[in-house]
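Q: show me how the following folds:
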Amino acid sequence: MSELSEHIQKADWKKEKHVPVIECPDSVKAGEVFQATVTLGREVAHPNTTEHHIRWISLYYHDEGGKFAHEVAHVEFSAHGESTEGPNQGPVYTHHAAVVNLKIAKGGMLHAMAYCNIHGLWESSKAIKVT
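A: Numbering: from 1, shown residues only. The predicted model follows:
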């Protein structure tokens, strides 16, 4: 049996459309709210069609020295152009991006994971310091 972690893809987000990109300050003040944005396809656009789309993005925080990662947010994208008239004929498409406001007490790592309905799980991480 293989572990799930063996099937999570990683790559350079500048070359791969599936890697979540975490945008936030490199350093924040302890206890102050800041914003983190997670997107996909910033350099290479990811399709957003009925047949090929991002279903969800999750953001986690793992504090320095901590044992466990904490789920910060989970955002599901439910509209991909589906319609009774056929694929990609619907009136609405959700865009695969999430904006989360959070605060942390000490430095650590933000981890983002995204799920593509065709290409599976993808992840990335970003270190964040607390001053």
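Q: who touches residue 81 in this structure?
A: Neighbouring residues of residue 81 by CB atoms under 8 Å, 6 or more residues apart in numbering: 48-50, 87-90, 92-93. For glycine as for every other residue, the C-beta is placed from the backbone atoms N, C-alpha and C.
Q: of these, buried ones?
A: Burial by neighbour count, judged by 16 or more other CB atoms under 10 Å, picks out 48, 50, 93 from the contacts of residue 81.
Q: could you dump the residues you listed to TSV with pLDDT and distance to residue 6?
A: Listed next are those as TSV, based on pLDDT from 0 to 100; distance: CB to CB, whole Å:
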residue	pLDDT	distance to residue 6
48	94	28
50	96	29
93	95	32
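Q: do I have it right that residue 122 meets residue 96?
A: No: assessed by CB atoms under 8 Å, residue 122 is found out of contact with residue 96, at 11.2 Å.
Q: wait, is residue 6 part of a strand?
A: No: looking at residue 6 with DSSP: H, G, I helix; E, B strand; the rest coil, it is helix, so not inside a strand.
Q: circling back: nearest to residue 111 among the buried ones among the contacts of residue 81?
A: residue 48 (23.4 Å; CB to CB).
Q: closest to residue 38 among the buried ones among the contacts of residue 81?
A: residue 48 (15.5 Å).
Q: what's the closest non-adjacent residue to the closest one?
A: Distances taken as CB to CB, 6 or more residues apart in numbering put residue 93 closest to residue 48, at 5.4 Å, once the chain neighbours are dropped.
Q: mind listing what the one you found touches?
A: Applying CB under 8 Å, 6+ apart, the residues contacting residue 93 are 48, 79-81.
Q: biggest separation within those, which pair?
A: 48 and 79 (9.5 Å).
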